[in-house]
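K.L.:
The following comprises the amino acid sequence and a computationally predicted model.
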Amino acid sequence: MKPAPFDYVRPSSLAEVCEILAADEDARIIAGGQTLIPMLAMRLARPTRLVDILRLNDLRGIRAEADAVVIGAVTRQVEVERSEIVRRSLPLLTKALPWVGHPPTRNRGTVGGSIANADPSAEIPLVAVTLGAEIEIANPSDRMRMPADEFFIGPMLTSVMPGDCVCAVRFPVWTHKRIGTGFHEVSARQSDFAFVAAAAQVAIDEEGRCIEATLGLGGVGDRAIRIDVAPLLGKVPARAAITEVVRAATVDLEASSDLHATADYRRRVAVTLGTRALEDAFADAHSGNGALQ
Amino acid sequence: MKVKLTINGRQREADVEPRKTLLDTLREDFLLVGSHAGCEHGVCGACTVLIDGEPSRSCLMFAVQADGYEITTIEGLAPAPGELSVVQDAFCETHGLQCGYCTPGMILAGHALLERNDAPTREDIVEAISGNICRCTGYGQIVEAIEFAANRLRKANTPRGGRS
């Protein structure tokens, strides 16, 4: 057995989860375990206790609301990948899901797990930041919502306090008639960690003018970020114009360097993939395939 | 901790430490050694089993988490002792293995794909086995084996490969 010993508990309510976490600061939540268990196996994490939330039905499921789709924290990634609600209302998330790990890890891995883990190159946090999702968090006394860009504060770092539990992610749904999405990623191998990932969603009017646009980049720096693409609004942008806007917005981008990719490489790839993601999104919106309602 | 598991359709019980993975439990407590221990941290796919019909890494799950699911190991695929499932047979026929270490995981990944989709494209097959590493075959014959099995299953007038 590779992990250090720990106790295992499976509480029957969220309140109980919060109580256990509040009483024992070395307790850790486990859901799908697709990141935590390797860390336990390598003894990079040595919790005293694992609190299994995977079977809390209150935290499971995909629910469409008027202006949002709410995905429970323990909803497995494969369920999101195959969800008709998500495909219709959050096509960007449907496009990003096949890039999350491999089929077997998506079968066990959860949406809340990916969010709480906050890997800088992870796709679900990237889509959350790109679309301006809110993270629902419970603690023993309260339940609150936090914007994704406040939630993620660094590599594997979030604003979650000890005793908090991520309950759900609330993705806003755009109500425009013509919407398009694009997603691109570069990694060493298929489904490996992204050096750079780019996610874009745009809305256009009848004349093809851009009325809303968002672009997010993951893997570049210490967390996913949203790029300012406001200059595209009101235009029918061609490739050169898109590249120009993305380049201008990423000039001062903080990028990380490692064995696999230098900061310069990441910045250059960010411009290319950001441009491609936006181009795809506009093409998608024009073709009508990305239309939502 | 006592844990009750449903493995290949049978109820089994074991007394395990919480830190014991499902993989180690299958191999040591139930002697189902067809699930192979490769990297033991979720990279190689040699330990793949089906959880409610979906390929999952048994090294990335503790046995204490696994109660209530239908667990299928490679031992559960053959229709009867001494026989092979269609997918297993296809791997033999197309030389889809050499050392055999990755084979149980590959076969389970292929089996699960064909349960959902009996006419997969080459891309579907590559995606389905993308979480499983093989260091012998170069993957070509594995993809071929799954294509071959799909073809046979489409033509067969029998229930799909084995029990699960």
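P.N.:
Yep, it's here. Residues are numbered from 1 along each chain as shown, chains lettered A, B, ... in the order given.
K.L.:
Can you give me the neighbour number for the residue in the stretch 51-200 of chain A that chain B sits nearest to?
P.N.:
The stretch 51-200 of chain A approaches chain B most closely through A:H102 (3.0 Å), counting by C-beta to the nearest C-beta. In short, each C-beta sits where N, CA and C put it, glycine included. Using other C-beta atoms under 10 Å in any protein chain shown, A:H102 has 25 other residues around it.
K.L.:
do the same with the one 10 residues further on
P.N.:
Using other C-beta under 10 Å, A:G112 is surrounded by 28 other residues.
K.L.:
In contact with the nearest residue to it once chain neighbours are set aside, which residues are there?
P.N.:
Nearest residue to A:G112, sequence neighbours excluded (C-beta to C-beta, 6 or more residues apart in numbering or on different chains): A:A73, at 2.5 Å. Neighbouring residues of A:A73 by C-beta atoms under 8 Å, 6 or more residues apart in numbering or on different chains: A:31, A:53, A:59, A:110-113, A:115-116, A:165-169.
K.L.:
Break down chain B into its helices, ranges please.
P.N.:
B:22-24, B:86-93, B:103-116, B:122-128, B:140-155 (DSSP state H).
K.L.:
of those, which approaches A:E244 most closely?
P.N.:
Smallest distance to A:E244 across the helices of chain B (C-beta to C-beta): 34.6 Å, for helix B:122-128.
K.L.:
which residues are contacting the closest one?
P.N.:
In contact with helix B:122-128 (C-beta under 8 Å, 6+ apart) are residues A:98, A:103, B:55, B:109-110, B:112-113, B:117, B:120, B:139, B:143, B:146-147.
K.L.:
Drop anything exposed from the residues you listed.
P.N.:
With burial judged by 16 or more other C-beta atoms under 10 Å in any protein chain shown, the buried subset of these is A:98, A:103, B:55, B:109-110, B:112-113, B:120, B:139, B:143, B:146-147.
K.L.:
about what we covered before: the contacts of A:A73: which two are farthest apart?
P.N.:
Largest separation among these by C-beta to C-beta: A:I53 and A:V169, giving 14.6 Å.
K.L.:
hey, where'd the helices end up in chain A?
P.N.:
A:14-23, A:36-41, A:77-81, A:84-89, A:91-96, A:103-108, A:111-117, A:123-131, A:148-151, A:239-250, A:263-287.
K.L.:
Could you list every helix and strand in contact with the first one?
P.N.:
Pointing back at helix A:14-23 there. For helix A:14-23, the packing partners by 3 or more C-beta pairs under 8 Å, 6 or more residues apart in numbering or on different chains; DSSP states H and E come out as strand A:27-30, strand A:49-52, strand A:134-139, strand A:165-172.
K.L.:
what comes into contact with it?
P.N.:
A:9, A:11, A:27, A:29, A:49, A:51, A:53, A:56, A:58-59, A:138-140, A:162-165, A:167.
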